[in-house]
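sharing a sequence plus its predicted fold:
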Amino acid sequence: MWPRTSIPLLILSASACRADFDVARDTLGPFRIVGVSVEELGAECPVASAAIWSGYGPYHLVSPGLDWFLDGVPLGTGWDVPVCSEGELTLIARSSDGHEEQARLTVRPRETNRVLQREAVLLTDMDLETRRAVQGIVVDTAVPLGSGMRIQLQGLLDGDSVSWMSPENQAHVLPLDTSTTDFLLEEWDEDEDGVVTNRQAAEGRSSHFALIYDGNGGNDFFWIDALFGMEGVDFLRHEGRLIEAPGLAGTDELVATVEKTADGYILTDFEAGDGTPRFFDCMAGRTSFSLDWITNGRCGLDELDGNRVNLEIW
């Protein structure tokens, strides 16, 4: 469970209540803005933040440039820009190679208190009504090989909707209802009538971005990891993410080194935290690190490479 109070925003477009993108919303392809929120951090005013997809993977080498405007008036640049009144908020996000994307948003207050539950489900048939009848078994992290992972988002508000977005080559996303979604890490064929055949389950991890919006100006977003067939490995829960850290079960703070690799980054040299904070410029004074900041662009790997970070575990 990770309670958070925020004043999120709904991405708007000229034709609908959601943003225009050049690719399908459920596929994270080129550089794009995937979510924006204004968080209440206990300061005089809430602050603006965003989730930016880099276009090359679930990380950013360098944090993208952010320019914020409220009702057309420049508000500030970067992350945690104060937003002290309601109005139309515009974000222009700029990648390191100069590509720009824009989102227009309406500032509306909203409180969130999310609870994430993972369940193992045996889905012999992927038909919607059949899946609705399947009862899941609660798991802490992984599901057995051959099972699907059912994610339940508890704490949604009346009128909320949820959209899922994923990088390429992740688990299949099969919504059940607004708050419940099944994930299957499988390969299969389809016959000429669209019937699924030759299902082959795979072992591994997948990651997915959940965008929650109410249609009236409020939204929320976060990343969720799913594990398949990895029950014998020790994983710790950090927000919606899962971290492989053997021998450290029961700790409420994990310290790890961020190492940049050719494919992104890895975490190494784990140890239980002792409450000593570690700060980086991208954290803007926050005392605990979030892995979502690497994926969403707040913290670039060029800044973090070789450094130790504090991660809350629950």
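Here it is on my side, so go on.

I'd like the distance between Thr180 and Ala202.
As judged by C-beta to C-beta, to the nearest Å, Thr180 and Ala202 stand 22 Å apart. Yep, even glycine has a C-beta here, placed from its N, CA and C like the rest.

and for Leu123?
Distance, Leu123 to Ala202, by C-beta to C-beta: 14 Å.

comparing those two, which residue is more hemmed in?
Each of Leu123 and Ala202 has its neighbours counted (other C-beta atoms under 10 Å); Leu123 has more, 18 against 14.

contacting residues around the more buried one?
130-131, 134, 147-148, 182, 184 (C-beta atoms under 8 Å, 6 or more residues apart in numbering).

could you rerun that using 10 Å?
130-131, 134, 146-148, 150, 174, 182, 184, 186, 199 (C-beta atoms under 10 Å, 6 or more residues apart in numbering).

for Lys260, same thing?
If you count contacts by C-beta under 10 Å, 6+ apart, then Lys260 has 59, 61, 266, 300-302, 304-306 around it.

nearest to Asp193 among the residues you listed?
Taking C-beta to C-beta as the measure, Asp193 sits nearest to Tyr59 out of the contacts of Lys260, at 40.5 Å.

looks to me like the closest one is in a strand.
No. Tyr59: not assigned to a strand; according to DSSP: H, G, I helix; E, B strand; the rest coil it is coil.

the closest residue to it other than its chain neighbours bridge partners, please.
Excluding its sequence neighbours, the residue lying closest to Tyr59 (C-beta to C-beta, 6 or more residues apart in numbering) is Gly264, at 4.5 Å. Following DSSP bridges, Gly264 is listed with bridge partners Thr261.

so Gly264 versus Leu61, what's the distance?
9 Å.

how near is Met149 to Val34?
Met149 is 22 Å from Val34, by C-beta to C-beta.

wait, Ala43
Here Ala43 is placed at a distance of 25 Å from Val34 (C-beta to C-beta).

comparing those two, which shows the higher neighbour count?
Comparing Ala43 with Val34 by other C-beta under 10 Å, the one with more neighbours is Val34, at 23 against 11.

my guess is the more buried one meets Pro64, correct?
No. Using C-beta atoms under 10 Å, Val34 makes no contact with Pro64, being 12.0 Å away.

need the overlap of contacts for those two.
Residues touching both Val34 and Pro64 (C-beta under 10 Å, 6+ apart) are 50, 52-53, 101, 296-297.

and the helix or strand hosting Phe222, average pLDDT?
Taking DSSP states H and E as the criterion, Phe222 maps to strand 219-228. On average, the pLDDT along strand 219-228 is 92.

may I have that strand as PDB, with CA atoms only?
C-alpha atoms of strand 219-228 as PDB (Å, rounded to 0.1, in the frame of the first residue of the first chain):
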ATOM      1  CA  ASN A 219      -5.900  11.600 -13.100                       C
ATOM      2  CA  ASP A 220      -3.200   9.500 -11.600                       C
ATOM      3  CA  PHE A 221      -0.400   7.300 -13.000                       C
ATOM      4  CA  PHE A 222       2.200   4.800 -12.000                       C
ATOM      5  CA  TRP A 223       4.200   1.700 -13.200                       C
ATOM      6  CA  ILE A 224       3.400  -1.800 -12.200                       C
ATOM      7  CA  ASP A 225       5.700  -4.900 -12.600                       C
ATOM      8  CA  ALA A 226       4.400  -8.400 -13.100                       C
ATOM      9  CA  LEU A 227       6.400 -11.600 -12.500                       C
ATOM     10  CA  PHE A 228       5.700 -15.000 -14.100                       C
END
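
and after the helix or strand bottoming out on mean pLDDT in the chain, which helix or strand comes next?
Using mean pLDDT, DSSP states H and E, strand 2-12 stands out as the lowest-scoring helix or strand of the chain, at a mean of 38. Using DSSP H and E, the helix or strand that follows strand 2-12 in sequence is strand 32-39.
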